[in-house]
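Trainee: Kindly return the folded structure for what I paste below:
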Amino acid sequence: MIIQLQKNIDKTKFDSIQEMLNQNSIKSNFVKTQLNDYLVCFSKTKFDIRKIGHLEGVQDVHSVTDDYKLVSKKWKLTNTTIDLGEGLIYEAGNPIVIAGPCSVENEKQMELVVEHLVRNNIKIIRGGVFKPRSSPYSFRGLGIEGLKMMHELCVPHNIKIVTEVMQVSQIEEMLPYVDVFQVGARNSQNFNLLDALGSLNKLVLLKRGISGTIDELLQSAEYVFSKGNEKIILCERGIRTFETAYRNTFDINAIQVLKEKSHLPVIADPSHGVGIRDHVSKLALASLVSGADGVIFEVHPTPEEALSDGQQTLNFEESDKLIKQIRALRPFLISN
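Mentor: Here you go, the predicted model:
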């Protein structure tokens, strides 16, 4: 059960609601977000929610049986929209495009990428400065100096920055330069990190774990929401299976299932989903047709020279073509 409280509820009304819950042996957790105040409740027996709905201070009450209650669609029937400013709104039927290199490598590379995005009127860039790599000898990013450099190049063009955070200690230093904190597949169950991001008023892009189930992804989102941050986007990026012909198994089924289970926006990452450049554009389009609210893909001036993930990264010509195809596809997308 979720009880949505009236904003700035006074202590007397709040205590009366808690007393009713205690009398019925219902455990509750108070959650205060940027937008609303909630009581997330758990009961071992059936409870008639109408007993709560009439109490002063209660704005609404919902019966939610899912373990992930706040991100469940069972209480919030309309999809969540997230306003990033500059006309950038995550909402069904209006796919957002995020593009940029796997890794921020140097200033010249980023100048060219930013110019490419400006030419295509793309307003959100991705670029890793802290890179979780399978091998300790691979390029692991430029760190905070790379982020500052990217920020300096993007601000004049009002381009928002998506970049991955790997640990709690990085958040404070990154905060002034980041618009969207990405939680990568390897950190999708780093619960200390999710808790910390839940305390921020910043959008969190949460990727599915390498072998993570849909319910595990939703539980991870619940961590962020329950700590006070409702600004969450889910990302399907492929999962590890027995197949070795491509990098990951891009679970296009997950897009519709996630949208059925949750009110949060869902985007797709076809670059990591397949890991093969020639197939990225087709899977990006397929994910949008299947209901994704946006795509995030990798682009580099010369993918063959990229320091990481060049094999799954589009060049500028390929990216130009994909962006045009996405825009041509928009009138045919289903809003759901």
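Trainee: So which residues of the stretch 101-250 of the chain form strands?
Mentor: Counting by DSSP state E, counting those that start in this stretch, one finds strands in the stretch 101-250 of the chain at the ranges 124-126, 160-164, 180-183, 203-207, 232-236.
Trainee: Switch these over to JSON lines; also include distance to residue 313 and mean neighbour count.
Mentor: Any C-beta I mention is one placed from the backbone N, CA and C, and that applies to glycine too. Listed next are the strands of the stretch 101-250 of the chain as JSON lines, based on distance: least, Cβ to Cβ, whole Å; neighbours: other Cβ atoms under 10 Å:
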{"stretch": "strand 124-126", "distance to residue 313": "11", "mean neighbour count": "25"}
{"stretch": "strand 160-164", "distance to residue 313": "16", "mean neighbour count": "23"}
{"stretch": "strand 180-183", "distance to residue 313": "17", "mean neighbour count": "24"}
{"stretch": "strand 203-207", "distance to residue 313": "17", "mean neighbour count": "24"}
{"stretch": "strand 232-236", "distance to residue 313": "17", "mean neighbour count": "26"}
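Trainee: now the end-to-end length of stretch 299-307.
Mentor: 12 Å (Cα to Cα, to the nearest Å).
Trainee: returning to that earlier point: the strands of the stretch 101-250 of the chain into CSV, with extra columns for distance to residue 9?
Mentor: As requested, the strands of the stretch 101-250 of the chain are arranged in CSV below (distance: least, Cβ to Cβ, whole Å):
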stretch, distance to residue 9
strand 124-126, 36
strand 160-164, 34
strand 180-183, 30
strand 203-207, 27
strand 232-236, 24
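Trainee: Can you add distance to residue 285 and mean pLDDT and give these back as CSV?
Mentor: Below are the strands of the stretch 101-250 of the chain laid out as CSV (distance: least, Cβ to Cβ, whole Å; pLDDT from 0 to 100):
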stretch, distance to residue 285, mean pLDDT
strand 124-126, 18, 97
strand 160-164, 21, 97
strand 180-183, 23, 97
strand 203-207, 20, 97
strand 232-236, 15, 97
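Trainee: Between these, which one is closest to residue 22.
Mentor: strand 232-236 (30.9 Å; Cβ to Cβ).
Trainee: Export the closest one to PDB, keeping only CA atoms.
Mentor: The C-alpha coordinates for strand 232-236 follow below in PDB (Å, rounded to 0.1, in the frame of the first residue of the first chain):
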ATOM      1  CA  ILE A 232      14.700   8.000 -12.800                       C
ATOM      2  CA  ILE A 233      15.000   6.500 -16.300                       C
ATOM      3  CA  LEU A 234      15.400   2.800 -16.900                       C
ATOM      4  CA  CYS A 235      17.700   1.500 -19.600                       C
ATOM      5  CA  GLU A 236      17.700  -1.800 -21.400                       C
END
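Trainee: strands paired with that strand, and their directions?
Mentor: strand 203-207 (parallel), strand 266-268 (parallel) (DSSP bridges).
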